[in-house]
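Show me how the following folds:
(one chain, ligands or ions: 1)
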Amino acid sequence: MSQTIVIVGGGSAGWLTAGIIAAKHSVPSNGGPGTRVVLLESPDVPNLGVGEGTWPTMRDTLRRIGISEVEFLRSCDASFKQGSQFIGWQRAEGESYYHPFTAPNGYGTVNLAEHWQASGAEISFDEAVGSQARVCDRWLAPKKPTTPEYAFSLNYGYHLNAGKFVDLLQRHCVEKFGVEHRLGHVEQILPAENGDIAGLMLTSGEAINGDFFVDCTGFTALLIGKHYEIPFVSQRHRLFNDTALAVQAEYASEDAPIASVTRATAQSAGWVWDIALPSRRGIGYVFSSEHTSTEKAEEELAAYLKADAHLAQDQPAPRKIQFQPGHRESFWHRNCVAIGVSAGFVEPLEATALILIEKSAEWVSDQLPEDRAAMDVVARRFNDVTRQHWRAIIDFLKLHYVLTERRDSAYWRDHRDEASIPESLQESLSLWRTQAPWLYETNYRIELFTAASLQYVLYGMGFKTDVGAVRYRQWAQEEGIAMRLIRESTQQAETLIASLPTNRDLLNRVRGKQKAGRCAAG
Ligand SMILES: Cc1cc2nc3c(=O)[nH]c(=O)nc-3n(C[C@H](O)[C@H](O)[C@H](O)COP(=O)(O)OP(=O)(O)OC[C@H]3O[C@@H](n4cnc5c(N)ncnc54)[C@H](O)[C@@H]3O)c2cc1C
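Numbering: from 1, shown residues only. Below you'll find the model as predicted:
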């Protein structure tokens, strides 16, 4: 059966969804008519234009859509992201820890976190269990010039220019999959008799009809919120940030180093993100308007920019973005699904928005039934899974705050208030006091973040697991393996440090500024 899918919204959510659905459905293997994908966006409502850090899942998404990595890196001014570095989150004096994307050595076989704690935790967790933290300290790339596209020495995602990313996806979807790109502002939703959406009326007077509608209208939430009135579940009492000041910061010189992690530096009422691209850095202060004023936030952001010798002295004025942290109560209603910030957004920490867009679009693409009667079953399942994802996101983000020892401002003190900590996270923390997070976390949560991610944040923030309680019969035997894996981390780091190029060097090659290696040649 052929059907028409109408995606409303041409931001990252709209075009990623179009690419993921069209790559699978636009040309069916049986030679049939295929699915018609229409993407409609308003010429009057600009995209959010932020959202420049991804998870490693983006490599699979790009591959799935059929975009070459070299084309992506060149077109999107993109760089390699090997994780995040959290500066000043535990105490205010500028200590830091990494959440790298490569899992601890032996992950899946030996729970190194418990052995690391038992050994006295003399070196930091991120350095004990792998090499990526030390590689990132030196601004190195996650791969060599000869490494094939999307392959790696150390796991990575990307930093990218959000505007250029949308342009690339649009070009690719239209040229390769025949996605119909329409400009038009939706003024009215045309309901069908059964309560589904039958079509959309544009201000021009034209109607766009379809069988299935994807709401990617950003904070407007035109279909899921305004039309269907699906309630919004605020998370402001848990994650307080609701305002961001964003700057596209210029480098002081063309050869300034490019950090291979998103830097997240704690401030008095939030944190500053710092995303390094080859030609600029995306820097912004996301804060709680209940805990500070815009003027004070501007001063803190200006001080951050000024203190960095790799940045130019004068920077443009920041753009202010306001949002309500939270998500819809359900996401798929009748023949309409919300993907992107129309479904929800809590804050930029750990770049959880783009990964949820990828996962949601994959689900829709893989599960979309041709039979309308089956759609309600798929919708129910999608809603169950997506609610679990939101619970996991909120617990994971809140985990970054609850272990802080900072008492220097109401913002950090309030984050430790028990009333602001979800019960599910309190329960997990009580479990992790006697056993480190492990593979069962993933089974329980339906994977979005692995236990490895939980471990990096927990132990980076100085959490203690009472390993006395976890010793078991084969502990001694496993301990030998664990100590070997911990020793190997240092050797691995030395080998990689000696062989990996800097992030800047590798990106220059890819971008054709130096002699191309295999990665650059594609
Ligand atoms: C400060 C900040 C930092 C962020 N950082 C990250 C990050 O590092 N990593 C990450 O994963 N995510 C991040 N995000 C989230 C990320 O920006 C979004 O998930 C991403 O941009 C997707 O946005 P969107 O496509 O849902 O909405 P938008 O980009 O807002 O697109 C909405 C689209 O809907 C269209 N539209 C609206 N109304 C109508 C209408 N009536 N008719 C027709 N079309 C209409 C608009 O024209 C537009 O094309 C961040 C968000 C913020 C606020």
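
Would you mind listing what in the stretch 351-500 of the chain touches the ligand?
Within the stretch 351-500 of the chain, the positions adjacent to the ligand are 351, 353-354 by Cβ under 6 Å from any ligand atom. C-betas here are computed from N, CA, C, even on glycine.

Among those residues, which lie within helices?
Helix and strand membership here follows DSSP state H; of those, those in helices are 353-354.

Please convert the residues of the stretch 351-500 of the chain next to the ligand to CSV, extending it with pLDDT, distance to residue 238 and neighbour count.
Shown next, in CSV, are those (pLDDT from 0 to 100; distance: Cβ to Cβ, whole Å; neighbours: other Cβ atoms under 10 Å):
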residue, pLDDT, distance to residue 238, neighbour count
351, 96, 19, 22
353, 97, 17, 24
354, 97, 21, 25
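
where do the helices sit along the stretch 1-150 of the chain?
In order along the chain, the stretch 1-150 of the chain carries the following helices (DSSP state H, counting those that start in this stretch): 12-25, 57-65, 69-75, 112-118, 125-128, 132-137.

Correction: the previous question concerned the stretch 301-450 of the chain.
Remark: helices of the stretch 301-450 of the chain, listed N- to C-terminal, are 352-367, 372-402, 410-415, 423-432, 439-445; assignment by DSSP H, counting those that start in this stretch.

comparing the helices of the stretch 1-150 of the chain, which gets the lowest mean pLDDT score?
Mean pLDDT values for the helices of the stretch 1-150 of the chain show the minimum at helix 112-118, a mean of 93.

could you say what helices and strands it packs with?
Taking 3 or more Cβ pairs under 8 Å, 6 or more residues apart in numbering; DSSP states H and E as contact, the helices and strands that helix 112-118 lies on are helix 125-128, helix 451-460, helix 475-499.

near the ligand, which residues of this protein?
The interface of the chain toward the ligand, taken as Cβ under 6 Å from any ligand atom, is made up of 8-14, 40-42, 45, 47-48, 50-53, 185-186, 216-218, 220, 222, 244, 246, 284, 286, 321, 323, 340-342, 345, 348, 351, 353-354.

re the thing from before, any chance of the helices and strands packed on helix 112-118 in JSON lines, with mean neighbour count too?
What follows is the helices and strands packed on helix 112-118, written out as JSON lines (neighbours: other Cβ atoms under 10 Å):
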{"stretch": "helix 125-128", "mean neighbour count": "23"}
{"stretch": "helix 451-460", "mean neighbour count": "25"}
{"stretch": "helix 475-499", "mean neighbour count": "15"}
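
Least reliable of those by average pLDDT, please.
Set side by side, the helices and strands packed on helix 112-118 give their lowest mean pLDDT on helix 475-499, at a mean of 93.

what sits up against it?
Residues outside helix 475-499 that contact it (Cβ atoms under 8 Å, 6 or more residues apart in numbering): 104-106, 109-110, 112, 115-116, 118-119, 127-131, 134-135, 138, 140, 144, 153-154.

Run through who's touching stretch 118-126.
Counting contacts by Cβ under 8 Å, 6+ apart, the residues outside stretch 118-126 that touch it are 97-100, 113, 116, 128, 132-133, 455-456, 459-460, 467, 471, 479, 483, 486.

roughly how far out does that stretch sit from the chain middle?
Put simply, stretch 118-126 sits 28 Å off its chain's centre (Cα atoms, centre = their mean, to the nearest Å).

again with stretch 303-322
Averaging C-alpha coordinates over stretch 303-322 and over its chain gives two centres that are 23 Å apart (Cα atoms, centre = their mean).

the bottom helix or strand of this structure by mean pLDDT?
Within the chain, confidence by mean pLDDT, DSSP states H and E is lowest for helix 518-521 among all helices and strands, at a mean of 43.

about what we covered before: highest mean neighbour count out of the helices of the stretch 301-450 of the chain?
Between the helices of the stretch 301-450 of the chain, the one whose residues have the most neighbours on average, counting mean count of other Cβ atoms under 10 Å, is helix 352-367 (a mean of 21).

got the angle between that helix and helix 12-25?
With axes from the mean of the first three to the mean of the last three Cα atoms, to 10 degrees as the criterion, the two stretches helix 352-367 and helix 12-25 enclose an angle of 30 degrees.

Counting by contacts, list what helix 352-367 packs against.
Helix 352-367 is packed against helix 12-25, helix 57-65, helix 372-402, with contacts defined by 3+ Cβ pairs under 8 Å, 6+ apart.

If you compare the directions of it and helix 57-65, what angle comes out?
For helix 352-367 and helix 57-65, the angle between their directions (the same axes, to 10 degrees) works out to 30 degrees.
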